[in-house]
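**Q** Mind looking at a prediction? Sequence and model below.
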Amino acid sequence: MKIGVKEVEYVARLARLTLSDEEKDEFTEQLNDILTYMDKLNELDTKEVKPTSHVIPVKNVFRVDNVRESLPREPSLGNAPEAEKGFYKVPKIIE
């Protein structure tokens, strides 16, 4: 498939971009180069290649979630600009 200036103008309009004539020509050429490269990749025989989402094995990297004592209320509220009845006090944002 060949990309023309019309397609570049259409995509630019969708993206609300204003392109000069030089930019339209440049993007047309770049997009055609990308499509030519993709056509070259499509020539490869990949029938025996298993689909993958990662090229290396991925394992779960989360830490173990251990239950432990939480921070006591008074020290945790110690740096709060304002506290009231054991909770952080913040400005009201809903009218």
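**A** Structure received. From a predicted model like this one, the values you see are computed outputs, not experimental measurements. Numbering: from 1, shown residues only.
**Q** what is the rounded mean pLDDT of stretch 6-22?
**A** Stretch 6-22 carries an average pLDDT of 96.
**Q** Show me the contact partners of that stretch.
**A** For stretch 6-22, contacts defined as Cβ atoms under 8 Å, 6 or more residues apart in numbering pick out Lys24, Phe27, Thr28, Leu31. Where C-beta positions appear, they are placed from N, C-alpha and C, glycine not excepted.
**Q** what's the spacing between the closest residue to Lys2 other than its chain neighbours and Asp25?
**A** Once flanking residues are discounted, Lys2 sits nearest to Asn32: 6.3 Å by Cβ to Cβ, 6 or more residues apart in numbering. In this view, Asn32 and Asp25 are 11 Å apart by Cβ to Cβ, to the nearest Å.
**Q** How about Glu48?
**A** Distance of Glu48 to Asp25, given as Cβ to Cβ: 41 Å.
**Q** which of these two has more neighbours?
**A** A count of neighbours by other Cβ atoms under 10 Å puts Asp25 above the other of Glu48 and Asp25, at 13 against 5.
**Q** does that one sit in a helix or strand, and which one?
**A** Assigned by DSSP states H and E, Asp25 belongs to helix 21-42.
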